[in-house]
Structures are given as structure tokens and as C-alpha cells.
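Participant: fold the following for me, if possible:
(one chain, ligands or ions: 1)
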Amino acid sequence: MADLASRISKPSDAPASDAPAPAEGNGTEQPIDDGLNRGLIESSYDVEVKLSDLQNDTDNPLASGVSSFEELGLSKQINDGLLAMNFKKPSKIQEKALPLMLSNPPRNMIAQSQSGTGKTAAFVLTVLSRVDFTQPTQPQALLLAPSRELARQIQGVIKTIGQFCENLIVEAAIPGSISRETGVKASAVVGTPGTVLDLVRRRQFDVSKLKVLVIDEADNMLDQQGMGDQCLRVKNMLPKNIQTLLFSATFPDKVMNYARKFAPNANEIKLRHQDLTVKGISQMYMDCPDESKKYDILCKLYGLMTIGSSVIFVKTRESANEIQRRMEADGHKVSVLHGAYEGQNRDALLDDFRSGRSKVLITTNVLARGIDVSSVSMVINYDIPMKGPGDREPDAETYLHRIGRTGRFGRVGVSISFVYDRKSFEALSQIADWYQIDLVQLSPDDWDLTEKKVQDVIKSSRARPEYAPSALGN
Ligand SMILES: Nc1ncnc2c1ncn2[C@@H]1O[C@H](COP(=O)(O)OP(=O)(O)OP(=O)(O)O)[C@@H](O)[C@H]1O
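Facilitator: Next up, the predicted model:
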């Protein structure tokens, strides 16, 4: 099978543990795919060298040309909120997008930046800058997200950055959250499209004074196969001159054309697909002998999964349940979250995962996008994400979002994708080709080497507290 995957490297080519540190922060336009073992960090010395390089690297999405948020002209209350979050310096997307989004008259924006690089704060700062706090119960900003978990997370970010903005009220418009008696009584509303549509139709959400519409994960949200129709219906009910901001790490061409109609005359910040992967994520794959062995291999990885926190992505809710049942029967502690769970249950499950009460979460694509839990050091693609009729095509976008649950804002992490037959192997090879990345092979036959490769990365992230975001902003 090796000939199918020029980008999938074999351990015999060069063991990951013998590799030099990745060429991060080299300040050139070259793709950093310098061979086989990108993202593996060998020693604390290398880590420190890379960290200091990060700050001067113009290609680095976390490095920006301004030295503080104050230079972006934000209000004192907002700056105080950023300080409370320990955000000292804007990331590149924040630096580039904010002046464009804050200028008047307001212009639309289509903005792309790698996972975990601070897109949320970029649009949240715009929302907070546009809201008139003397009208706290009048909806002025609407933010749409694809899952209740992401909507709640964004609501939390607005509240935290806006903690010094007097009279700021932020509500989540997700199933079960808005009382039928009162309706929406907030200046900023974060919701999922179906619930928002329902509230507007029932006249429980006055949209007449909305000034800003943000669509996070916009490529997914505008996709005609998904929530595109609901988003369009919502948009058609909003004021015609509303400022529309579309954000995502991925914007496939076919969605981009539609996005330009949805947000006309927008400023655009785009990335090339070969620049989309996050350098701190060591992408690996597990060559499983056949499908039936995947489960045993997953269990063998359990010890590595619990060094930090881990997310296991599977294709269906049923297989998520089944894997949890088997793993628990085999003595492992794992939780499962997917769309069949009732809303409050889902909230509690994610809260437990965020707080570290649960450390291994099995889920479906419902959590593939946007979820920000900094302790996640490993992502497992138990099933390679596929799309199209009969799941014929690899889903390169979902792959990128899934692995992006680790390696947040300069941290390091590992992704392990399971392949077991020609189809899964080819799908992963195509994804690797698309992003021009090299994946490191893990072998179930040499467990010592596998453990070493994974541990080298995860331990380096845990051992070094200076990976905390504030260190990158200094
Ligand atoms: N300027 C900053 N300084 C320090 N930390 C930051 C800064 N901006 C954002 N962060 C932190 O970085 C992490 C990732 O940010 P965020 O969730 O916005 O990423 P994202 O770009 O939206 O990713 P995704 O594409 O996965 O949705 C968050 O924990 C956030 O608090």
C-alpha cells in the first residue's frame, strides 16, 4: 500500500523519535513539510528555541505586527476584559481582521485562519465594540454556530471579555434556553440556526435593531447539505444593511462563491490550503491490520490518552455508544457525547470534560468544530471522516477541524488517524496530499516505539507551562 501514499511516511524511512525538531518559525514562505516527522519535539531546548522564533515569524498565525490590543483602539472596558483573560497581544487574525471589521461604515468580512488561532475573540471584540450598552435588552448582535456546545462556548467568551462592560446581557438561543414568556432579552444572542429561526418566527426575538451578524464555522453553516437553508432564512429576516462576518478555518471553493453572495462586498482574509495545518499538531496514523483490531489498539492507547485529555472521533452515534460500552466493560473510564443526548445532559458532559473530571471523550462530528479545551493533547480519528454520497470522498475539512481540537494557540498535541483497509488508507493519503503534510506511521507491532513517539510530544506539552497562551503574547 505504500505506493498509494507518497505523503504517509513509514517508520523505516526515519523514526519519528530521531527526527530534528520541526522547521517551525523559520520565517520563510516554504511549506514546513521538511520530511517525515513534523511537529515532534525532541527536547526542552528545542521547544524554547521554537517559542522565541514564533514571536518573530511573520508566517506564524500567532505572531502579529502590533504589540498590544490597545493599538487596535478598543475601549477601556474591553481592554480590561482582555487583560483579565491574560490576552496580551493579538494573534495575526485578530490584528488583521479587527481594524477592517471595526471601521465605519461597517463592511462585511470573510475571514479564515487556522484552528485555535483566536478567531472567536476577533469577532467577539467586534460585537462588543458595536453594542450600545444603554440598551441591554435590545438585541443588537446575533452570532450563529453549528452546535449548542459551540454556541454556549461563544456566549462564555463574550461574557468573559465583556465582564467590565456594564449592562451586557448575552443569551444563548439553543433548544430549551429561552423562556417562552419573556422571549429574547439580551443585547447579544448566540444561537443555533434552527432555534433562532423558530424564535424569530414566533416573534420572541426582535431582530429589527440587529447591527452585526456573525456566522462561525461559516463554510459548514452555509453548506446547502447542512444548515445553509436555515441560515439563509434567518438572514432574510434581518435588517438589510446588517454587517455580516463569516469565520472559519476552512472555506472550500464551492462554499466561498456562495459566501460572497451571502456577505456581499466583504473584505477577505484567506489562506492557501497548504498553509492550513497547525504546526504544533503532530499528525500520525495507526496502521491497523484489520477493522476488528481497531478496538484493541484503541484500548492499548488508553494510557497515552489520559496523560492529558483526549477526544475520539467516530462516524456514528451507535458506534460511539458501542465503543464506550466495551471500553467501560474493559475497565476504562470514558464518556460519550453526541446529538442523541438531551441538551442539558450534553452540557453537563462537556462541562465535565472541560474541567478534567472526564478525560477521554468519544464523540461524532458534532464536536468536530470550534470546541476549545486547552488540555486536549490527543485526537483520535477512529474512523477517517468521509463525505459525499455513500461516503465516497474523504472529508478534508472535517479532518482539519477534528485534529484542531488539540494544539490550541501554540500548544502541542498529537492526532492519530486509524486506517485499516485500502479505502481508509487512500482517504487519509488524499487528505495528506491536499494539505501537503506528512503523517508519521505508528505500528501496533512495535508498541514501545509507538508509545515513545506519542509520549515525546504529549509530555513536552505538559512539562512546559510556558506553552500557556500568555507566554506567546509576551
Ligand atoms: N490574543 C490571545 N492571546 C492569548 N490567548 C488567546 C488569544 N486569542 C485567543 N486566545 C486563546 O486561544 C484559544 C483558541 O482560540 P479560539 O477558540 O478562538 O480559536 P479558533 O481560531 O476559533 O479555532 P477553531 O477554528 O478551532 O474554532 C482560546 O483558548 C483562546 O482563549
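Participant: the helix or strand that contains residue 123: what's the following helix or strand?
Facilitator: Here residue 123 is covered by helix 119-130, with elements defined by DSSP states H and E. As assigned by DSSP H and E, the chain's next helix or strand after helix 119-130 is strand 141-144.
Participant: so which other helices or strands are in contact with that following strand?
Facilitator: helix 119-130, helix 148-161, strand 188-191, helix 193-201, strand 212-216, helix 228-236 (3 or more CB pairs under 8 Å, 6 or more residues apart in numbering; DSSP states H and E). Heads up, the C-betas are built off the backbone N, CA and C, glycines and all.
Participant: again, only this time at 7 Å
Facilitator: helix 119-130, strand 188-191, helix 193-201, strand 212-216 (3 or more CB pairs under 7 Å, 6 or more residues apart in numbering; DSSP states H and E).
Participant: elements contacting the second one?
Facilitator: When you say that, I think you mean strand 188-191. Looks like strand 188-191 contacts strand 141-144, helix 148-161, strand 170-173 (3+ CB pairs under 7 Å, 6+ apart).
Participant: name the SS class of the residue nearest the centre of the chain, please.
Facilitator: Nearest to the mean C-alpha position of the chain, counting by CA atoms, centre = their mean, stands residue 370 at 3.7 Å. Classification of residue 370 by DSSP: H, G, I helix; E, B strand; the rest coil places it in coil.
Participant: so who does the spatially closest residue to residue 172 that is not a sequence neighbour touch?
Facilitator: Distances taken as CB to CB, 6 or more residues apart in numbering place residue 155 nearest to residue 172, at 4.8 Å, with adjacent residues excluded. If you count contacts by CB atoms under 7 Å, 6 or more residues apart in numbering, residue 155 has them with 170, 172, 190.
Participant: hang on, residue 347 in a helix?
Facilitator: Yes - counting by three-state DSSP, one finds residue 347 located in a helix.
Participant: okay, now it: neighbour count?
Facilitator: 18 (other CB atoms under 10 Å).
Participant: mind listing what it touches?
Facilitator: Neighbours of residue 347 in contact, by CB under 7 Å, 6+ apart: residue 152.
Participant: those residues of the stretch 1-150 of the chain touching the ligand, which are they?
Facilitator: 87, 89-91, 94, 113, 115-121 (CB under 6 Å from any ligand atom).
Participant: tell me the domain boundaries of this structure?
Facilitator: Taking automatic domain parsing as the reference, the chain has its domains at 4-25+277-458, 44-272.
Participant: can I get the ones you listed in TSV including mean pLDDT?
Facilitator: Formatted as TSV, these follow (pLDDT from 0 to 100):
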stretch	mean pLDDT
domain 4-25+277-458	89
domain 44-272	91
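Participant: so what's the closest residue to residue 185 other than its chain neighbours up against?
Facilitator: Leaving aside its sequence neighbours, residue 185 sits nearest to residue 137 (CB to CB, 6+ apart; 4.2 Å). Residues in contact with residue 137 (CB under 7 Å, 6+ apart) are 169, 185, 186.
Participant: which of these tops the neighbour count?
Facilitator: residue 186 (23 neighbours).
Participant: point me to the helix or strand that includes that one.
Facilitator: Using DSSP H and E, no helix or strand contains residue 186.
Participant: roughly how far does it sit from the ligand?
Facilitator: Going from residue 186 to the ligand by CB to the nearest ligand atom, to the nearest Å gives 21 Å.
Participant: now do residue 107 against residue 267, distance only.
Facilitator: Distance from residue 107 to residue 267, counting by CB to CB, to the nearest Å: 6 Å.
Participant: mind listing the helices in the stretch 1-150 of the chain by residue range?
Facilitator: 44-56, 76-84, 92-102, 119-130, 148-161 (DSSP state H, counting those that start in this stretch).
Participant: same question, the stretch 201-350 of the chain
Facilitator: 218-222, 228-236, 253-262, 294-300, 302-305, 317-329, 343-355.
Participant: want to try JSON lines for the ones you listed, with distance to the ligand as columns?
Facilitator: Putting the helices of the stretch 201-350 of the chain into JSON lines (distance: least, CB to the nearest ligand atom, whole Å) gives the following:
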{"stretch": "helix 218-222", "distance to the ligand": "11"}
{"stretch": "helix 228-236", "distance to the ligand": "17"}
{"stretch": "helix 253-262", "distance to the ligand": "15"}
{"stretch": "helix 294-300", "distance to the ligand": "24"}
{"stretch": "helix 302-305", "distance to the ligand": "20"}
{"stretch": "helix 317-329", "distance to the ligand": "21"}
{"stretch": "helix 343-355", "distance to the ligand": "11"}
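Participant: can I get those helices in a markdown table including distance to residue 162?
Facilitator: A markdown table is the format used below for those (distance: least, CB to CB, whole Å):
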| stretch | distance to residue 162 |
| --- | --- |
| helix 218-222 | 23 |
| helix 228-236 | 23 |
| helix 253-262 | 27 |
| helix 294-300 | 41 |
| helix 302-305 | 35 |
| helix 317-329 | 35 |
| helix 343-355 | 20 |
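Participant: next up, phi/psi of the closest residue to the ligand within the stretch 201-350 of the chain, please.
Facilitator: Proximity of the stretch 201-350 of the chain to the ligand (CB to the nearest ligand atom) peaks at residue 249, 4.0 Å away. Here is the backbone geometry of residue 249 (degrees, to the nearest 10): phi -80, psi -20.
Participant: which residues does the residue lying closest to it once chain neighbours are set aside contact?
Facilitator: Using CB to CB, 6+ apart and skipping residues adjacent in sequence, the residue nearest residue 249 is residue 115, 4.7 Å away. By CB under 7 Å, 6+ apart, residue 115 lies in contact with 249, 278, 400, 401, 404.
Participant: again, only this time at 8 Å
Facilitator: Taking CB atoms under 8 Å, 6 or more residues apart in numbering, we find residue 115 in contact with 249, 278, 400, 401, 403, 404, 405, 407, 408.
Participant: for residue 373, see how far away it is.
Facilitator: For residue 115 relative to residue 373 (CB to CB), the value is 13 Å.
Participant: equivalent analysis for residue 170, please.
Facilitator: Applying CB to CB to residue 170 and residue 373 gives a distance of 21 Å.
Participant: those two: which is more packed in?
Facilitator: Counted by other CB under 10 Å, residue 170 and residue 373 do not tie: residue 170 has more neighbours, with 23 against 19.
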